[in-house]
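**Q** got a predicted structure here, sequence first:
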Number of protein chains: 2
Amino acid sequence: MPRVKGKEPLTQARILKVAVQYADKHGLEQLSIREIARQLKAGPMSLYHHFENKDDLLDAMVEFVAQKIRSPGSDAHWREGIIEIASSAHGAMLKHPWVCAIWSQRQLGPHKMAYMESLLRVLREGGFSVSDAYDAYCAITVHIEGAGMQAAGFPLDPKEYKSAATGFLESFEQVDQIPYFVQQLKHIMENSTETDHFLMTLEMILDGFASRAGLLPS
Amino acid sequence: MPRVKGKEPLTQARILKVAVQYADKHGLEQLSIREIARQLKAGPMSLYHHFENKDDLLDAMVEFVAQKIRSPGSDAHWREGIIEIASSAHGAMLKHPWVCAIWSQRQLGPHKMAYMESLLRVLREGGFSVSDAYDAYCAITVHIEGAGMQAAGFPLDPKEYKSAATGFLESFEQVDQIPYFVQQLKHIMENSTETDHFLMTLEMILDGFASRAGLLPS
DNA sequence: CGATAAAACGTACGATGTACGAATAATAGT
DNA sequence: ACTATTATTCGTACATCGTACGTTTTATCG
C-alpha cells in the first residue's frame, strides 16, 4: 500500500487543510486522527509520515491560523498598524474558534513568532520605549486572546440573541436573584445594533498606553 | 459492593476536590474519570452516581472555582469593587490554570452567575448606564479571561524567566529576523522587578470607561 | 532491470468515557 | 425483629482514541 497512481498523494498541506476545516465545523474535541484519515479516505497511520504525532499536527494548525494574520508596512501610523494586526488576528480567531484554546499552550512556530514580532515592531517604531512596548504588547495580546475565547464560548449570530435570551430567562430558576443580569439581557435584546466591543476596547487600551508613553496626537 | 462501613463514603464534594487538585497538578488533559477513581480508591463507575458524566463534572469544577471569587459589599467605590472582583477572579485562575480553557465554554451555574451579577451590580450602582455597564463588563471579563489564558500557557516563576529566555534564544534559528522580540527578551531578563500587568491594564481600562461614562473622580 | 527508499497501511495495545446490570449495606415500614 | 426498599458501589463490556511496530507496494534511481 504505497502511493497509488490514481489518487493524489497525501501531503502536510492537504492533511492540515482537512484538519482545520473539520475543527472549524465540529470543534477540537471531535477532531481525531482517525476522523481526518476518514475524510481523506486514508488509513490513520498514513498521517504519521507527515506529522510526528497529534501534538505536532495541532502545532501546525496554530501556525496555519497565525499565517493568516496580516502585518502592516512601516508607513502607517502605529495606532492604525496595531489595529490592523489585532483586527486581523481577531478575525482569524472568529473564523477558527478552536484556535484560542491552544493558542498560548503550544510551541511557537515561525508564523506566530512573526505575528508577535510585528506587534512589537509597530509599537517600537511608533515611539514606544522597550518597557512601554512590553506593557502594551501584553495588554493587546490579552485582549485579542480573551475576546477570542469569549467568542468561541458564545458562538451566536446577533440575530439569535433574542431567542437565546428569552429561552435562558425561562429556564433559569431564581431570576429574581440576578436583577442586573436580567436587565442587561433585556437591553441586549432590544438594541440589536451591536457595537464592536473588540475594536472599541482596543482603541481605549491604545489611547491609555499612548497617554502613558507621551504619544498622544494632540 | 455497597457503601462499606470503614471507608468514608464518596460524595460530590470529595470527588470534586480530588478532581480539582489533580487538574491543578497535571492539567485537564491528564484528568480522567479513571484517574480520579484511582485517587479515591474507588471504581470508575462509582463516580457516575454523583455526576451524570464527565461534562457534568467539568461544569462542577468551573463552579468550584467560581465560588472562590469574592464580591465586595455595596459600600465601596465602584472602582475598588471591580478591582477586588477582578483580582479575586484572576487569582483563582492562576491557582487553577486549567479553568480558563473551559470557563466560557460551559453551561453557567449559580456561582459563575453570581460573579457576573456582582460585576454588573458594582458597575450599575457606581453610576454606569445599562449600555455603558455592558461595554465595561465585556472589556473587564475579556481582560480577566485573556490574562488567565496567557498565564496558563506560560506558567513560569519570574525567577525562571532568565534561563528560559536564554535557552530559547539558543535554540531558535534565525534570531536575526526577530530583533524586537530578542530585545524584549533581554529587557525582561535584566529587569526582574516585574510590574503587575494584569492590574495596570485593568486600571487603564477602568479609567477609560470612567471617562467615557462621565464618572471621572476629578 | 535490479536495488533502494518513500509512502501507505494492517494489526494490535493500552487508555478513555460510559451503558448496563448485579451486588450489598443502610434505612424504613410493619 | 424481620422484611422490603432504596441508595451506593462496582464488574464487565464496548466503541473510540493515539500510536508503536512491521509489512507491503510503488516510484525512483543507478
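**A** Cool, got the structure.
**Q** residue nearest the centroid of chain A?
**A** Geometric centre of chain A, nearest residue: A:Met93, 2.2 Å, by Cα atoms, centre = their mean.
**Q** hmm, A:Gly146 and that one touching each other?
**A** No: in this structure A:Met93 lies outside contact range of A:Gly146 using Cβ atoms under 8 Å: 10.4 Å. All C-beta atoms are positioned from the backbone trio N, CA, C, and that covers glycine.
**Q** need the CA coordinates for stretch A:156-169. PDB is fine.
**A** These are the backbone C-alpha positions of stretch A:156-169, laid out as PDB (Å, rounded to 0.1, in the frame of the first residue of the first chain):
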ATOM      1  CA  LEU A 156     -24.200  33.100  18.200                       C
ATOM      2  CA  ASP A 157     -25.300  35.400  15.500                       C
ATOM      3  CA  PRO A 158     -26.700  38.700  16.900                       C
ATOM      4  CA  LYS A 159     -30.000  37.600  15.400                       C
ATOM      5  CA  GLU A 160     -30.200  34.600  17.700                       C
ATOM      6  CA  TYR A 161     -29.600  36.700  20.800                       C
ATOM      7  CA  LYS A 162     -33.200  37.400  21.400                       C
ATOM      8  CA  SER A 163     -34.400  33.800  21.300                       C
ATOM      9  CA  ALA A 164     -31.400  32.600  23.300                       C
ATOM     10  CA  ALA A 165     -32.000  35.200  25.900                       C
ATOM     11  CA  THR A 166     -35.700  34.500  26.300                       C
ATOM     12  CA  GLY A 167     -35.000  30.800  26.400                       C
ATOM     13  CA  PHE A 168     -32.500  31.300  29.100                       C
ATOM     14  CA  LEU A 169     -34.700  33.500  31.200                       C
END
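**Q** and the pLDDT at the closest residue to A:Ala37 other than its chain neighbours?
**A** Excluding the flanking residues, the one nearest A:Ala37 by Cβ to Cβ, 6 or more residues apart in numbering or on different chains is A:Pro44, at 4.4 Å. At A:Pro44, the pLDDT value in this model is 95.
**Q** check the gap between A:Pro44 and chain B for me.
**A** Noted for A:Pro44: a distance of 20 Å to chain B, by Cβ to the nearest Cβ, to the nearest Å.
**Q** that residue is in contact with A:Ile33, isn't it?
**A** Yes: using Cβ under 8 Å, A:Pro44 is in contact with A:Ile33, at 5.3 Å.
**Q** measure how far stretch A:149-159 is from the centre of its chain, please.
**A** Distance of stretch A:149-159 from its chain centroid, counting by Cα atoms, centre = their mean, to the nearest Å, is 12 Å.
**Q** so how far does that stretch reach from one end to the other?
**A** Terminal residues of stretch A:149-159 lie 20 Å apart, using Cα to Cα, to the nearest Å.
**Q** do a quick rundown of the helices in chain A.
**A** Ranges of helices within chain A are A:12-26, A:33-39, A:54-66, A:78-95, A:99-103, A:110-125, A:130-153, A:161-171, A:179-190, A:197-212, based on DSSP state H.
**Q** what angle do the first one and helix A:78-95 make?
**A** Orientation note: helix A:12-26 sits at an angle of 80 degrees relative to helix A:78-95 (axes from the mean of the first three to the mean of the last three Cα atoms, to 10 degrees).
**Q** now do helix A:12-26 against helix A:54-66, angle only.
**A** Put simply, helix A:12-26 runs at 80 degrees to helix A:54-66, going by the same axes, to 10 degrees.
**Q** average pLDDT for helix A:12-26?
**A** Averaging pLDDT along helix A:12-26 gives 97.
**Q** residues in contact with that helix?
**A** Residues from elsewhere that reach helix A:12-26 (Cβ atoms under 8 Å, 6 or more residues apart in numbering or on different chains): A:8, A:30-31, A:35-36, A:39-40, A:47, A:50-51, A:57, A:60-61, A:64-65, A:95-98.
**Q** of the residues you listed, which are in range of DNA strand C?
**A** A:His50 (Cβ under 7 Å from any atom of the strand).
**Q** list only buried entries from the contacts of helix A:12-26.
**A** A:31, A:36, A:40, A:47, A:50-51, A:57, A:60-61, A:64-65, A:96-98 (16 or more other Cβ atoms under 10 Å in any protein chain shown).
**Q** just flag the most distant two among these.
**A** A:His50 and A:Pro97 (25.0 Å; Cβ to Cβ).
**Q** still on that earlier bit, ok, the residue nearest to the centre of chain A - contacts?
**A** With Cβ under 8 Å, 6+ apart, A:Met93 has these contacts: A:Val65, A:Val99, A:Cys100, A:Trp103, A:Ile144, A:Ala147, A:Gly148, A:Ala151, A:Ala152.
**Q** return the distance of it relative to B:Phe64.
**A** For A:Met93, the distance to B:Phe64 (Cβ to Cβ, to the nearest Å) stands at 28 Å.
**Q** what's the mean pLDDT across stretch A:160-171?
**A** 83.
**Q** what about stretch A:75-86 and chain B, any contact?
**A** No: shown here: stretch A:75-86 not in contact with chain B (Cβ under 8 Å from any Cβ of the partner chain), separated by at least 12.2 Å.
**Q** just the residues contacting that stretch, thanks.
**A** Contacts with stretch A:75-86, where a contact means Cβ under 8 Å, 6+ apart, come from A:69-72, A:115, A:118-119, A:122-123, A:125-128, A:140, A:143-144, A:199, A:202-203, A:206, A:210, A:215.
**Q** apply the buried test to those residues and list what passes.
**A** The neighbour count (16+ other Cβ under 10 Å) marks A:69, A:71-72, A:115, A:118-119, A:122-123, A:126, A:128, A:140, A:143-144, A:202-203, A:206, A:210, A:215 as buried among the contacts of stretch A:75-86.
**Q** read off the pLDDT value for the spatially closest residue to A:Ala151 that is not a sequence neighbour.
**A** Leaving out its chain neighbours, the residue that sits closest to A:Ala151 by Cβ to Cβ, 6+ apart is A:Leu94, at 5.6 Å. Per-residue confidence (pLDDT) for A:Leu94: 97.
**Q** one more: A:Met189?
**A** Model confidence at A:Met189 (pLDDT) stands at 86.
**Q** cool, A:Val182 as well?
**A** Confidence at A:Val182, expressed as pLDDT, is 95.
**Q** for B:Glu125, see how far away it is.
**A** Applying Cβ to Cβ to A:Val182 and B:Glu125 gives a distance of 16 Å.
**Q** residues of the helix or strand of chain A with the lowest mean pLDDT that come out buried?
**A** The weakest-scoring helix or strand in chain A, judged by mean pLDDT, DSSP states H and E, is helix A:161-171 (a mean of 84). Residues of helix A:161-171 classed as buried by neighbour count (16+ other Cβ under 10 Å): A:Tyr161, A:Ala164, A:Ala165.
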